[in-house]
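Novice: okay, here's the prediction I keep looking at, along with the sequence it came from:
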Amino acid sequence: MGLGTVAEGDKRWWWNRNVIMVLWMMLSVGFCIGLHCHMRTESLRKAGETLTSMCEERARMLQEQFAVSVNHVHALAILVSTFHYQKNPPALDQVTFANYAARTSFERPLLNGVAYAQRVVHAERELFENQQGWMIKTMNREPSPVQDEYAPVIYSQETVSYIEALDMMSGEEDRENILRARATGKAVLTRPFRLLESNHLGVVLTFPVYLSGLPDDATAEERVKATAGYLGGAFDVESLVENLLHQLAGNQEIVVNVYDVTNASEPLTMYGVHLPDGHMSLSHVSMLDFGDPFRKHQMKCRYRKKPPVSLSSITTPSGIFVICMLVGYIGYAAWSHYDNVKEDFRKMEELKKQAEAADVAKSQFLATVSHEIRTPMNGVLGSMLDMLLDTDLNLTQMDYAQTAQVCGRALISLINEVLDRAKIEAGKLEIESVPFDLRSILDDVISLFSAKSREKGIELAVYVSDRVPTILTGDPGRFRQIITNLVGNSVKFTERGHVFVQVHLAEHVKMVIDAKTGLNGHANEVNITSATTVFSTLSGLEVANSRNTCESFKMLLSHGASLSCTFGSGSVPESIADKVTLMVSVEDTGIGIPVHAQDRVFAPFMQADSSTSRNYGGTGIGLSISKCLVELMGGKMNFTSRPHVGSTFTFTAVLQKCGKSSGVDTKRSLSEVLPTCFRGMRAILVDRQPVRAAVTKYHLRRLGIITEDVRTINEALHTLSGQNGYLNSSQPGKQPSIFLIEKDSWDPKIDFHTRNQLLQRKEAGHIEDVPKVVLFLTTESDKTRAGSHADSIIVKPLRASTIATCFQQMLGMGKCQNKDIVNNSASLRGLLDGKNILVVDDNKVNLRVAAAALKKYGAKVECVESGKSALSLLQPPHKFDACFMDVQMPEMDGFEATRQIRIMESTAYKEASPYDGSVMAIRHLPILAMTADVIQATYEECVKCGMDGYVSKPFEEAQLYQAVAKFVVSQQIPGSS
């Protein structure tokens, strides 16, 4: 269930990803704006610090340069005091002062000029004017009026010579400066004013000149009395500040103003343009100390332009905002994905529950269908055919009945294919590991398709290498299923030629391929041939895999013999002794698989095209199931196909060898049991095709018949009568008793000629008896053209049992009984003879089949049709030695009946007295499930409810023997054999 649904259910509107995303965006925007403001404030703070530093630096340098100029004026005042007043006559005059001031002006770059004004009291005015030769004048150049004292300029620098004879005390401000200067002994400044020459703003510096002998701590009165005159100079403040700013960096960034703030309410501008307050918010004021204790000055610095917004204060918040948005988007997407995943998970849980329910329903359906289908098959195979085979049948009837039984069993296997797909999808398909006869399985598969091959007139043959062990351990049912699917497809899609099944050891095939590659330089060469070319194959037609030729077949036979010699005289590797890797190939000369469809051959429910299903039928699941089964057997499946030539499917399977100590009966069915009465018999085979001849000899060899193959009938007659009438063998004196002739070497003329030749050789004494002539045909229709002199006709496909039946009829041997059958039946009879068996099944046909099968081996059988009836008979103590219980029954099924039986046994055991022997009478009753259901879950349920074994319908003699032997023998019932 998604989070949005949870939010709606809990009414928590804030726990919604859209709301949280909006809040996140608002928080991000607010954070970024705050960060921008903070960084902007920090930028302005740093700009203020920079402005303060720059302003303080300029103020400090301005003070230092002003102090240097004041010091030079002070030094000049000492010079005047020394050489004017302490020398008599004075050593200083105007010319000397002007020259000296001009030559030392570089030390006073900020002063436009200096001048010295002598202090003159009124009583000394007349004498002074007479000595100087001029009259004291005011600033307006008028004769100075009478006053207490005067300060006329007597020495001046050439640049300010125009003030000579002017009374400095005639100006009010100058007078105040003179009075402050002589009272304090320090340099004092005037208020700013425009200089006459440069029109720059400037100030006048006034410094007192004292007579010698004035102490440092003199009072103001003492200083006034000791004052001799006044040294003054005009400072060009604008030039001073301008020069200073040019010397420093950053002059273009800030605006500097210098003010006289003696009157704080009306500051006087000394430098710069007056700006109204509030023009710029960022400014700094540095106080200036020019040494005048009566006047205050300050420097005010401002940025010329408003400090720009720093790039980092824009990019950093913007980047963080982008990151926040990305984080928000990722979180939103993750949340959405989480919601989707959670919703998908919820849906998957629902679908899982539905699938599990469907799986249970399907399993129940399959179990029911399997049970319902196999139940009548049980009646057909278990009752009718088994009972029929127990009657007195002639050889032909026996063969027909056995073939019908084999086909019925194969039909059940085909029915199981429908269930196998479901098992594969559920991963519940399991591989058995039981001993089985590979050759008998292949014979059964061949017999299943014999009618179809005869109808089409195609060769259907099987060959198993002698190196393949007779008994192997694996899953015979699944192996049969694979072969059945492959052969069925080959027969279905082949209209001429052959279908050939070969089984070899994989290592032998590899050795042959390597040897052929080494000899020829290539292993798989496709030659361009004409339509009339005859190939060395089973039918003479071209095959898809060019390796399957007569030469390769002969090399396989020769390598098998060499390996037999190699392994026969020495130790066998453990890997070879334990495991056998088979390579099985199914070759046909059918229509082939189109190239575009070869990549989907193993896909379930897929065929080459729509016409395939329409023309040939089928569902397309056989190859898919076969491939899965091969992989479960540890092998691989592949194929080679050429359109209009044919296909060859090859697969490998890893099986176990069956040791002699296993004690397993190797002949477990009638189709596997071959008569032994033909051993040592000799025959001559006439066949032009070497591969086909090898297949025929393979079947004859299984019957113990020694065969020599020739290519023509004349060669056969020559072989029969040559060498003193003996066949090339190690047993002289025993002539061939059978002539085996393929149809392409036979015609009516040859029929008559062969019979005459055989009679003539008998009359001449070359042979003792005329051998029987057996003709091999492919179709039933060929019998009309076979002639009248053939003793017997065998219509292919060949099987060892078919050949044996034909020879028995032809030679008049009757029915050969194999000892194995007797021993098999005797073993089972020894187990069941005299035993009381209870059979529980609701189907009367099944009861009849089971009772007949058990009574056949001497058992005393009692039948009931319900689980409740079984409970009444099995109340301990009871007489029964075993119980065969059907699983699916009305009212009470076999599972519940078994549970109730086990409860009764447990209760009776607890209540029994150990002293009277009643405990010994209460035994564990072996209960075997008897059902047509082949689902794995059914077996698990059988074990869970307390059953001891599992017998599927229709059960066979070997299956019945294995199930009974586990429990009946282990009980050590008296009288058992």
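Specialist: Noted; the coordinates are in hand.

Novice: three-state assignment of residue 213?
Specialist: Using DSSP: H, G, I helix; E, B strand; the rest coil, the structure places residue 213 in coil.

Novice: now it: closest residue in space, sequence neighbours ignored.
Specialist: With CB to CB, 6 or more residues apart in numbering as the criterion, residue 213 has its nearest non-adjacent residue at 7.6 Å, and that residue is residue 226. In short, each C-beta sits where N, CA and C put it, glycine included.

Novice: please tell me I have it right and that neighbour contacts residue 209.
Specialist: No. Applying CB atoms under 8 Å, one finds residue 226 not in contact with residue 209, separated by 9.6 Å.

Novice: which one's more surrounded, those two?
Specialist: A count of neighbours by other CB atoms under 10 Å puts residue 209 above the other of residue 226 and residue 209, at 25 against 18.

Novice: got the contact list for the more buried one?
Specialist: Counting by CB atoms under 8 Å, 6 or more residues apart in numbering, residue 209 touches 77, 80-81, 116, 227-231.

Novice: can you list the residues you listed in a markdown table and add distance to residue 89 and secondary structure?
Specialist: A markdown table is the format used below for these (distance: CB to CB, whole Å; DSSP: H, G, I helix; E, B strand; the rest coil):
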| residue | distance to residue 89 | secondary structure |
| --- | --- | --- |
| 77 | 20 | helix |
| 80 | 15 | helix |
| 81 | 16 | helix |
| 116 | 17 | strand |
| 227 | 22 | strand |
| 228 | 16 | strand |
| 229 | 17 | strand |
| 230 | 22 | strand |
| 231 | 21 | strand |
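
Novice: among those, which ones are buried?
Specialist: Those of the contacts of residue 209 that meet the buried threshold are 77, 80-81, 116, 227-231, by 16 or more other CB atoms under 10 Å.

Novice: residue contacts, residue 352?
Specialist: So residue 352 contacts nothing (CB under 8 Å, 6+ apart).

Novice: distance of it relative to residue 888?
Specialist: Distance, residue 352 to residue 888, by CB to CB, to the nearest Å: 28 Å.

Novice: mind putting the buried ones among the contacts of residue 209 in CSV, distance to residue 365 and pLDDT included?
Specialist: Shown next, in CSV, are the buried ones among the contacts of residue 209 (distance: CB to CB, whole Å; pLDDT from 0 to 100):
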residue, distance to residue 365, pLDDT
77, 130, 85
80, 135, 86
81, 136, 84
116, 135, 91
227, 136, 89
228, 139, 89
229, 137, 91
230, 133, 91
231, 130, 90
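
Novice: can I get the residues you listed in TSV with distance to residue 108?
Specialist: Formatted as TSV, these follow (distance: CB to CB, whole Å):
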residue	distance to residue 108
77	13
80	15
81	18
116	14
227	23
228	21
229	19
230	17
231	12
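
Novice: which of those lies closest to residue 898?
Specialist: Nearest to residue 898 among the buried ones among the contacts of residue 209 is residue 77, at 138.6 Å by CB to CB.

Novice: hmm, residue 211 and the closest one touching each other?
Specialist: No. If you go by CB under 8 Å, residue 77 and residue 211 don't touch, sitting 11.9 Å apart.

Novice: in contact with residue 871, which residues?
Specialist: Contact analysis of residue 871 by CB under 8 Å, 6+ apart lists 892, 897, 900-901, 904.

Novice: part of a helix, is it?
Specialist: Yes. Under three-state DSSP, residue 871 falls within a helix.
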